[in-house]
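Engineer: return a 3D structure for these sequence lines:
(2 chains)
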Amino acid sequence: GESVGLHLPTLSVQEGDNSIINCAYSNSASDYFIWYKQESGKGPQFIIDIRSNMDKRQGQRVTVLLNKTVKHLSLQIAATQPGDSAVYFCAERKSNFGNEKLTFGTGTRLTIIP
Amino acid sequence: IAGITQAPTSQILAAGRRMTLRCTQDMRHNAMYWYRQDLGLGLRLIHYSNTAGTTGKGEVPDGYSVSRANTDDFPLTLASAVPSQTSVYFCASSPSSATGELFFGEGSRLTVL
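Structural biologist: Residues are numbered from 1 along each chain as shown, chains lettered A, B, ... in the order given. This next block holds a predicted model:
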């Protein structure tokens, strides 16, 4: 899976199936994690975030899972649609007190097969 | 429509020239950011501003400068462009520096020859 520092270029999923995009992080001091979606030719768009005091958070068709023991983050997209085709980035931050900035991973390209 | 406007969308520049990328937001966000995006390296923070009148250095600040004279504008200047500054530049803003929910512009593609 994607790592903040390691690149997994492409994930192909059949339309209607569920997608799982993975992200490994290395900074054990990180306590806030975010997923962004970037469509071709556009800027990244916030999807969902999770704080380290949680292990799961759900949004509309998306779920983020956090496993602090193995420093792993995943984004699950239910019933993928053509509009889900994009590059997905995970990002981490050491604290939420304002002076620590986001560190982005290198991204995973999700391709939906019709 | 509220959001972030970047200009120019695309620019080809000779090495050694000065260039300013413009960024304006109308959401009254306190924090603003400049990132560069290069293939295989993701998004890297160049400079940021937590509030009008203050700026800070990010991960890759060398060769770039910023100013934040007011809430809405956050221009990025390359004083003397070099080919390694060829990249796609994204401006972003957030209501405060405490949130990870950033709102990004559409990007400015810069090519330095």
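
Engineer: and the residue of chain B nearest chain A?
Structural biologist: Closest residue of chain B to chain A, Cβ to the nearest Cβ: B:F104 (3.1 Å). For the C-beta atoms, the positions are set from N, CA and C on the backbone; glycine is no exception.

Engineer: ok, what's across the strand from that residue?
Structural biologist: Going by DSSP bridges, B:F104 is paired in beta bridges with B:A92.

Engineer: quick check: it touching A:F89?
Structural biologist: No: counting by Cβ atoms under 8 Å, A:F89 is not a contact partner of B:F104; they are 11.0 Å apart.

Engineer: more neighbours: those two, which one.
Structural biologist: A direct count of neighbours by other Cβ atoms under 10 Å in any protein chain shown for B:F104 and A:F89 places A:F89 higher, at 26 against 22.

Engineer: pull the contacting residues for B:L13.
Structural biologist: Contacts for B:L13 (Cβ atoms under 8 Å, 6 or more residues apart in numbering or on different chains) come out as B:M19, B:L78, B:A81, B:L110, B:T111, B:V112, B:L113.

Engineer: tell me which element the fourth one is part of?
Structural biologist: Following DSSP states H and E, one finds B:L110 within strand B:108-112.

Engineer: what residues are up against A:L75?
Structural biologist: With contact set as Cβ under 8 Å, 6+ apart, A:L75 has these partners: A:S19, A:I20, A:I21, A:C23, A:W35, A:I47, A:I48, A:V62, A:T63, A:V64, A:Y88, A:C90.

Engineer: so which of these are in strands?
Structural biologist: Members of the contacts of A:L75 lying in strands (criterion: DSSP state E): A:S19, A:I20, A:I21, A:C23, A:W35, A:I47, A:I48, A:V62, A:T63, A:V64, A:Y88, A:C90.

Engineer: pLDDT wise, what is the first one at?
Structural biologist: As predicted, A:S19 sits at a pLDDT of 95.

Engineer: what is the burial count for it?
Structural biologist: Quick note: A:S19 (other Cβ under 10 Å) scores 21 neighbours.

Engineer: before we move on, what about the third one?
Structural biologist: Using other Cβ under 10 Å, A:I21 has 24 other residues around it.

Engineer: A:G16 versus the nearest residue to it once chain neighbours are set aside, what's the distance?
Structural biologist: Leaving out its chain neighbours, the residue that sits closest to A:I21 by Cβ to Cβ, 6 or more residues apart in numbering or on different chains is A:L75, at 4.6 Å. Separation of A:L75 from A:G16 (Cβ to Cβ, to the nearest Å): 18 Å.

Engineer: do A:Q81 as well
Structural biologist: Relative to A:G16, A:Q81 is positioned 8 Å away (criterion: Cβ to Cβ).
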